[in-house]
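J.: Model the following, please.
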Amino acid sequence: MRQAVVGTFIILVLLVSVLCAASFAQESKQEQHLPDRLKGLQLSAELVGGEKSFHKSDTFWIKVKLKNVGKSPITLYKNMGWGWSSSFVLGISDAQGKEIISSFLDDTLTYPRFPRGDFITIKPDETVERKRDVSLKEYEIKKYGTYYVIVWYQSPIPQKFAPKGLKVWATEEGRLESKPVKFEIVK
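T.: Numbering: from 1, shown residues only. The predicted model follows:
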């Protein structure tokens, strides 16, 4: 019985993730780029190591930074993961802006009961960084040429789930979008 409940829950989470991704993709086509700054927080992304040319089967590293560009401290959920149910989402598009589909679905899940220790406060001009690898084998890249990586950030924690008395950068704050990071696919 318990396995059936857990299995059903996992299927529902995956279904919601796919529906959110489809909705977000449609929404993205209709909007201009979202800002990389919002309410004192800035999101940036960069390739690690300076290399900007890769083969279709290569793996590269990307670093994302959340910087407090405001005048007040900002409290963030520190267990930032990747996926639609988490903090960061990574997308790749070609030079014409067409999304490149991945065969892998990032989705780190966060579960309520968030103690104060799950949060970090960054002062003005401080930065939080995260790195991850990007395996190009997982993307349906068919042509050589120019591509872009974009990263989105949104807190996975609604304010109502924050510890009592703690004002955090919550889901309600909105979504940030990094500036596109250009790279080339070569033979």
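
J.: Please make it C-alpha for all contacts and neighbour counts, starting now.
T.: OK.

J.: Can you tell me the SS state at Glu172?
T.: What DSSP: H, G, I helix; E, B strand; the rest coil gives for Glu172 is helix.

J.: now do the one 10 residues further on
T.: Per three-state DSSP, the local secondary structure of Lys182 is strand.

J.: So what's the residue count around it?
T.: Using other Cα atoms under 10 Å, Lys182 is surrounded by 18 other residues.

J.: Quick check, it in contact with Gly50.
T.: No: contact between Lys182 and Gly50 fails when scored by Cα atoms under 8 Å: they sit 11.5 Å apart.

J.: Quick check: end-to-end length of stretch 139-153?
T.: 21 Å (Cα to Cα, to the nearest Å).

J.: which residues are contacting that stretch?
T.: For stretch 139-153, the external contacting residues (Cα atoms under 8 Å, 6 or more residues apart in numbering) are 43, 45, 56, 64, 87-95, 100-103, 175-187.

J.: And stretch 144-160, what's buried?
T.: Under the neighbour-count criterion of 16 or more other Cα atoms under 10 Å, stretch 144-160 has 146-157, 159 buried.

J.: Just give me how far that stretch sits from the chain centre.
T.: Stretch 144-160 sits 3 Å away from the centroid of its parent chain (Cα atoms, centre = their mean, to the nearest Å).

J.: Report the mean confidence score over stretch 88-102.
T.: The predicted model assigns stretch 88-102 a mean pLDDT of 96.

J.: With stretch 133-149 instead?
T.: The average of the pLDDT scores along stretch 133-149 is 96.

J.: now swap in stretch 54-68 and tell me
T.: 97.

J.: quick one on the thing from earlier: buried ones among the contacts of stretch 139-153?
T.: 43, 45, 56, 64, 87-90, 92-94, 100, 102, 175-185.

J.: Quick one: the helices in this structure, in order.
T.: Along the chain, the stretches classed as helices by DSSP state H are 2-30.

J.: contacting residues for Pro112?
T.: The contact partners of Pro112, taken as Cα under 8 Å, 6+ apart, are Phe161.
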